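**Q** Pasting a predicted model and its sequence here:
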Amino acid sequence: MRIGEIAALVGVSTRAVRHYHHLGLLPEPPRRANGYRDYTLRDAVLLARIRRLTELGLGLDEVRDVLADDAGRELVDVLEELDADLARQEADVRARRGRLGVLLEEARQGRLPAEGPVSPELAALFADLARAAEELPGPEPEMAVRDREVLALLDTVEPDGVGAGLVGALRGTLTAPGAVERAYDLYARLDALAGADAGDVRVDEAARLLAELLPDELAGHFGDVDPAVFGGGRPAGFQGAFWADFSPAQVEVIRRAMRLVVERAR
């Protein structure tokens, strides 16, 4: 058989056959007088085995191991490893579909936040806020939008479990009677402090309201914040970018509220 014939018989491309020759998976057959390769039935059997192994998901290096002299033992080892890997992938796909199902349901009911997709925990928090905001007069405060954006960012970049813990603590606090209304009152106060300096007389009251809304569980997370936040100045990196997005008065509100929560939790 010529290369086109064996490739058609086994159901692979001639390019694949040449690649297997190049990698040493398929030995080069003898050539005819005209220079064409002359394949035998045994070559076709080996090529078919290579195809079956690759279709199972084995990499070509793993196929080479299987085709070695101790192929029986290697095949069992490789297939067991492949089976375990597929099982992990299957579990991951199930988990991803579960998260996707929650998002789809939110989208179908018109509750998918503009910041989505986010984790189910954060989506539930955003849904709680949205339902409460519908009953409040006036447009949504700009600070409320920014708060959701920051939470969506933390939902992505925080290590597994940490972001969910923060969201869970916040959601628990905001389920208290009147908490969402107080949160939106605070957002409006913070909007009014845009462009104001740190010495603005409205800072103390806003800081007190924010501290009342922040759960004690967050005090431990504040310990990871750059000390400059508590003493003044602008930290670098993500924290620097975060603080730079606020006016001096807004930064002072957050700084004082964090100090109040830490002191309260001691």
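**A** Structure received.

**Q** Pull the residues that contact stretch 186-199.
**A** Contacting residues not belonging to stretch 186-199 are listed as 141-144, 147, 200, 202-203, 205-206, 209-210, 213, 247-253 [C-beta atoms under 8 Å, 6 or more residues apart in numbering]. Using the backbone N, CA and C atoms, a C-beta is placed for each residue, glycine as well.

**Q** what bits of this structure have low per-residue confidence?
**A** Confidence mapping of the chain against pLDDT under 70 gives the ranges 69-75, 78, 103, 106-107, 110-117, 132, 156-166, 220-242.

**Q** Most distant residue from the centre of it?
**A** Ala33 (59.9 Å; C-alpha atoms, centre = their mean).

**Q** Could you pull out the helices in the stretch 101-250 of the chain for me?
**A** Applying DSSP state H, counting those that start in this stretch to the stretch 101-250 of the chain gives helices spanning 120-133, 142-157, 162-174, 179-192, 203-213, 219-222, 228-231, 237-244, 248-265.

**Q** Please state the offset of the second one from the chain centre?
**A** A distance of 15 Å separates the centroid of the chain from that of helix 142-157, by C-alpha atoms, centre = their mean, to the nearest Å.

**Q** One more: the fifth one?
**A** Centroid displacement of helix 203-213 relative to its chain, using C-alpha atoms, centre = their mean, is 32 Å.

**Q** Show me which residues of that helix are buried.
**A** For helix 203-213, the neighbour count (16 or more other C-beta atoms under 10 Å) marks 203, 206-207, 209-213 as buried.

**Q** Report the inter-axis angle for it versus helix 179-192.
**A** 150 degrees (axes from the mean of the first three to the mean of the last three C-alpha atoms, to 10 degrees).

**Q** State the distance from Ala211 to Glu217.
**A** 14 Å (C-beta to C-beta, to the nearest Å).

**Q** and if you look at Ala207?
**A** Ala207 is 19 Å from Glu217, by C-beta to C-beta.

**Q** try Glu81
**A** Taken as C-beta to C-beta, the span from Glu81 to Glu217 is 42 Å.

**Q** So these two - more neighbours on which side?
**A** Glu217 (16 against 12; other C-beta atoms under 10 Å).
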